[in-house]
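Participant: from the sequence below, what's the structure:
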Amino acid sequence: MTKLVYNEEQSIVNFSIWNYFTEMDYSRDLDEQVYALNLGPLGFWSQLESTSIVWFAIQAYGGVYYELSTSMKNQAIGQGLIKQYIKDKKALDANLCSVMNMTSEGCAMLWEDPLYGLSDQNHY
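Facilitator: Here you go, the predicted model:
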């Protein structure tokens, strides 16, 4: 149960949530629909209405900075290194597949996979 209290301009809402639990003295049917209050979205909407846009901008810039300084840097270094050794399918076979004793079918799959293949540098 939730009690909502709005301010005079109807722009801010305060709410108090209370839970009531009771022991069930019967066996519940597993097909019976049970309703529960989902508190996650309530907290999300409360934050959206009460947090200033400046705070969201600071979080967004922090996320961009973190990605640029950590994972994106590592990805660029990895792509640069692997392109020195695996330029095409022939180089893949010579530098990786033959060393790992892979079959030609396995090597072809490693190169040509549409989602994770090494033929596209955006896949690794």
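
Participant: and what about residue 42, helix, strand or coil?
Facilitator: Under DSSP: H, G, I helix; E, B strand; the rest coil, the three-state class of residue 42 is helix.

Participant: count the neighbours of it for me.
Facilitator: 13 (other CB atoms under 10 Å). Every C-beta, even on glycine, is put in place using the N, C-alpha and C of the backbone.

Participant: with the one 10 residues further on instead?
Facilitator: The number of residues packed around residue 52, counting by other CB under 10 Å, is 8.

Participant: equivalent analysis for residue 120, please.
Facilitator: Quick note: residue 120 (other CB under 10 Å) scores 13 neighbours.

Participant: distance of it from residue 104?
Facilitator: Taking CB to CB, to the nearest Å as the measure, residue 120 falls 20 Å from residue 104.

Participant: longest helix in this protein, please.
Facilitator: Using DSSP state H to define each element, the chain has its longest helix at helix 53-69.

Participant: what mean pLDDT does the next helix or strand after that helix have?
Facilitator: Next in sequence after helix 53-69, counting helices and strands by DSSP states H and E, comes helix 71-85. Helix 71-85 comes out with an average pLDDT of 80.

Participant: can you list the buried residues in the helix or strand just after helix 71-85?
Facilitator: Proceeding N to C from helix 71-85, the next assigned helix or strand is helix 89-92, under DSSP H and E. Buried residues in helix 89-92, counted by 16 or more other CB atoms under 10 Å: 89, 92.

Participant: any weak-confidence spans in this protein?
Facilitator: For the chain, residues meeting the criterion pLDDT under 70 lie at 1-3, 18-28, 123-124.

Participant: if we use 80, what do you get?
Facilitator: For the chain, the stretches flagged by pLDDT under 80 are 1-6, 10-42, 73, 78, 121-124.
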